[in-house]
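1. This is a predicted model, with the sequence first.
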Amino acid sequence: MLPSKRSVELIATLLPFLTVVFVCCEYSGVWTGCKAWMLWRKSHNASISLMRAPVYPRDLAWRPLLRLIYTYSNARIPKSREPKVVARFVAVASAKEPIGNGGVVEWTAPSTPIAVSYLEWPGNDVPPADYRIVGTIGDLHAWIARSKSDLHSRVVDVFMVASSALVGLYIWILGGTERQERKRRQNRSKN
């Protein structure tokens, strides 16, 4: 059974509202932990960081960050081993400049490597067999942008298909109503 004209109108009215909600959420970083990525990215860009901004499974950024790495990194990451830490290496180049009033501006080279460690760190020496370099800080920036773009494309595709289907269904329902009305008029005129 097809939906009624009224339910199609209701859905057609809600779709633009949902689109606006999606756009607002997208720009505020709500989807898929973008805020967590941004916080982690910001801490990884800090040039003077004693701990080199490690991220652990207990951290808010852990799942979104691993999702980014598994989705976009070209590194061969063993699925059989469970990561314990994601951290960046010591900066290849960095700068820190005071800007007055206690503020500082920091910069870290985008080519600074990011690694996934399969041993607890810091506190242990991690041999090369127990970590994988998965990318760089520059890659992380690109992965975040690409992930947001991919999500946007998927949602826009869904909204476009839903809108097209609703318009087609609405026209079909209206056409059916008009056909029924014509038949009634013809039957009345015959009687």
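-> Nice, I can see it. Every value quoted in this text rests on a predicted model; they were computed, and no experiment measured them. Numbering: from 1, shown residues only.
2. quick one: the helices in this protein?
-> Secondary structure of the chain (DSSP state H): helices located at 5-28, 34-45, 62-72, 137-190.
3. lowest-pLDDT helix or strand in this structure?
-> For the chain, counting by mean pLDDT, DSSP states H and E, helix 34-45 ranks last in confidence among helices and strands (a mean of 55).
4. Pipe the helices of the chain into JSON lines and attach distance to residue 131 per row.
-> Bear in mind the C-beta positions are built from the backbone N, C-alpha and C, glycine included. As requested, the helices of the chain are exported to JSON lines (distance: least, C-beta to C-beta, whole Å):
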{"stretch": "helix 5-28", "distance to residue 131": "34"}
{"stretch": "helix 34-45", "distance to residue 131": "16"}
{"stretch": "helix 62-72", "distance to residue 131": "13"}
{"stretch": "helix 137-190", "distance to residue 131": "16"}
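5. Compare the ones you listed and report which one is nearest to residue 96.
-> With respect to residue 96, and counting by C-beta to C-beta, the nearest of these is helix 34-45 at 11.3 Å.
6. now stretch 160-178: how far from the chain's centre is it?
-> Averaging C-alpha positions (C-alpha atoms, centre = their mean, to the nearest Å) puts stretch 160-178 32 Å from its chain's average.
7. same thing with stretch 4-12?
-> Averaged C-alpha coordinates place stretch 4-12 at 31 Å from its chain's average position (C-alpha atoms, centre = their mean).
8. mean confidence score for that stretch?
-> The average of the pLDDT scores along stretch 4-12 is 73.
9. So which bits of it are buried?
-> Applying a neighbour-count criterion of 16 or more other C-beta atoms under 10 Å, the buried positions in stretch 4-12 are 8, 11.
10. now do stretch 83-93
-> So for stretch 83-93, counting by 16+ other C-beta under 10 Å, buried means 83-88, 91.
11. neighbours of residue 169, just the number please.
-> Close neighbours of residue 169, defined as other C-beta atoms under 10 Å, add up to 17.
12. So it versus residue 17, what's the distance?
-> Here residue 169 is placed at a distance of 19 Å from residue 17 (C-beta to C-beta, to the nearest Å).
13. Great, nothing more from me.
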